[in-house]
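> predicted structure and sequence below. I'll ask about it afterward.
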Amino acid sequence: MFNAILLSKDDDKFSCQQVQLNIDDLPDEAIEIDVEYSTVNYKDGLAITGRPGIVRNWPMIPGIDLTGTIAGSQDPNWQAGDKVAVNGWDIGEQHWGGLAQKARVNPGWLTPLPDSLSTYHAAAIGTAGYTAMLCVLELEEHDIGPDKGPIVVTGAAGGVGSVAVAVLAKLGYEVTASSGRVETEGDYLKALGATEVIHRDEFSGDLRPLASARWAGAIDVVGSTALAHIISQTLPHGCVAACGLAQGADLPSSVLPFILRAVTLAGVNCVYEPPQRRELAWQRLSEDLDLAKLDMMTGEVGLGDVSQVAADILEGKIRGRVVVNVNR
């Protein structure tokens, strides 16, 4: 038997409970994992609080991240004792996820952990940090180095934003952190390495197709009007890596920045990235993320705290990352 968070829906009646399950309840997949840590991301918050559109199969163990040790393998490429992470691949949405002490997953979903990363730190990075690194890679691959000018990071006090600020700063970029919580999180963001902290309201109001150019690049988790403002303010040949839609899925923009300034809008989808790209991102995270800063942005809870954390993350009360110790 093992402990898990289980989401159920019966005749439109939703429930979220901590339960005990039998190992035989797990899906029939080739890799069995002793889960050590999971996380609570914004998407987990939506699922755990019963918001529609996230969970596609019922019942569901939520948790889009998990880290742990392989307990059994029917795949020759993976051995018992291997330390692994699983991020994306629709776990916690279509397939049972990480908020449980046990998991069975497809071997194609596994990422081996770099030797320098513990399962705790890998969970603290999680999908949010891995996504942030994918965005940094997009900037680099579009020739946006530290010498090109400032980079703006939106939603900077959240999980993706916090890791993005820390990584960019360590790489030598001038980082402007945008947040709706400047008064409470300004010192935190500067401690992560932000050169400047601005209020998100600077990316609201009347939208000009081409505004004064400010940014060599951007990492945006907000979408909608904020993203449109950033695109209009991006320097010639700049790159905006977009990975979220917290404000909305619309984009009230113009083609002018793309034509007259040769701006690139690079979409980042962390869910289905191939193994080689994932391993590159994780290797870079092991090199370019200061673990002391990661610890500073991370809190730890147990399975029994998950429901409250889910509610808090949707209300914008969570800073950085929340790791769930599933054995606590």
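Now that the structure is in, tell me what you want to look at. Because the structure is a prediction, the values reported are computed rather than measured. Numbers count the residues shown, from 1 in each chain.
> how many other residues sit next to residue 138?
21 (other CB atoms under 10 Å). The way it works is simple: take the backbone N, C-alpha and C, and place the C-beta from them, glycine included.
> correct me, but it touches residue 265?
No: applying CB atoms under 8 Å as the test, residue 138 and residue 265 come out as separate, 10.1 Å apart.
> who touches both of those two?
residue 239 (CB atoms under 8 Å, 6 or more residues apart in numbering).
> helices along the stretch 51-200 of the chain, start to end?
119-141, 159-170, 182-192 (DSSP state H, counting those that start in this stretch).
> swap that for the stretch 201-328 of the chain, sorry
Counting by DSSP H, counting those that start in this stretch, the helices of the stretch 201-328 of the chain are 224-232, 256-260, 275-288, 291-296, 306-314.
> wait, which of these is closest to residue 78?
Closest approach to residue 78 among the helices of the stretch 201-328 of the chain (CB to CB): helix 275-288, 12.1 Å.
> and that closest one, which residues are buried?
278, 281-282, 284-286 (16 or more other CB atoms under 10 Å).
> so for it, mean pLDDT?
For helix 275-288, the mean pLDDT works out to 96.
> likewise stretch 309-320?
93.
> how long is it from one end to the other?
Stretch 309-320 has an end-to-end distance of 12 Å (criterion: CA to CA, to the nearest Å).
> before we move on, what about stretch 70-83?
7 Å.
> if we can go back for a sec, got TSV for the buried residues of helix 275-288, with distance to residue 68 too?
Shown next, in TSV, are the buried residues of helix 275-288 (distance: CB to CB, whole Å):
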residue	distance to residue 68
278	17
281	19
282	15
284	22
285	18
286	18
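> looking at these, which is nearest residue 156?
residue 285 (17.8 Å).
> how about that closest one, what does it touch?
Each residue near residue 285 by CB under 8 Å, 6+ apart is listed here: 114, 117, 125, 129-130, 133, 167.
> for the residue positioned nearest the centre of the chain, which non-adjacent residue is closest in space?
Centroid-nearest residue in the chain: residue 128, 1.6 Å away (criterion: CA atoms, centre = their mean). Setting aside the residues directly before and after it, residue 128 is nearest to residue 159 in space (CB to CB, 6 or more residues apart in numbering), at 3.1 Å.
> re the thing from before, how about the buried residues of helix 275-288, which pair is most distant?
So, these by CB to CB: farthest apart are 278 and 286, at 12.7 Å.
> picking up where we left off before, nearest to residue 297 among the contacts of residue 285?
residue 129 (9.4 Å).
> measure the nearest residue to that closest one once chain neighbours are set aside to residue 157 for me?
Leaving aside its chain neighbours, residue 129 sits nearest to residue 163 (3.9 Å; criterion: CB to CB, 6+ apart). Counting by CB to CB, to the nearest Å, the separation of residue 163 from residue 157 is 11 Å.
> now swap in residue 2 and tell me
34 Å.
> more crowded one of the two?
In this view residue 2 and residue 157 are compared by other CB under 10 Å, and residue 157 has more residues nearby, 26 against 18.
> any stretches of the stretch 101-250 of the chain with poor pLDDT?
Along the stretch 101-250 of the chain, no part satisfies pLDDT under 70.
> rewinding a little: pretty sure the residue nearest to residue 128 contacts residue 126?
Yes: between residue 159 and residue 126 there is a contact at 7.1 Å, judged by CB under 8 Å.
> intersection of neighbour lists for the two?
With CB under 8 Å, 6+ apart, residue 159 and residue 126 have common neighbours 41, 321.
> what sits against residue 1?
20-23.
> again, only this time at 7 Å
20-22 (CB atoms under 7 Å, 6 or more residues apart in numbering).
> looking at those, which is nearest residue 48?
Closest to residue 48, out of all of the contacts of residue 1 and judged by CB to CB, is residue 21, at 17.0 Å.
> okay, now the residue nearest to residue 129: neighbour count?
Neighbour tally, residue 163, other CB under 10 Å: 31.
> these two touch, right, it and residue 127?
No: between residue 163 and residue 127 there is no contact under CB atoms under 7 Å: 10.5 Å.
> re the thing from before, got a winner among the contacts of residue 1 for most neighbours?
residue 21 (18 neighbours).
> go ahead and confirm residue 321 touches residue 123.
No: when contacts are counted by CB under 7 Å, residue 321 is not listed as touching residue 123 (8.4 Å).
> ok, and the closest non-adjacent residue to residue 226?
In space, residue 226 is closest to residue 203, 4.0 Å off (CB to CB, 6+ apart).
> OK, contacts around residue 126?
So residue 126 contacts 39, 41, 65, 87, 321 (CB under 7 Å, 6+ apart).
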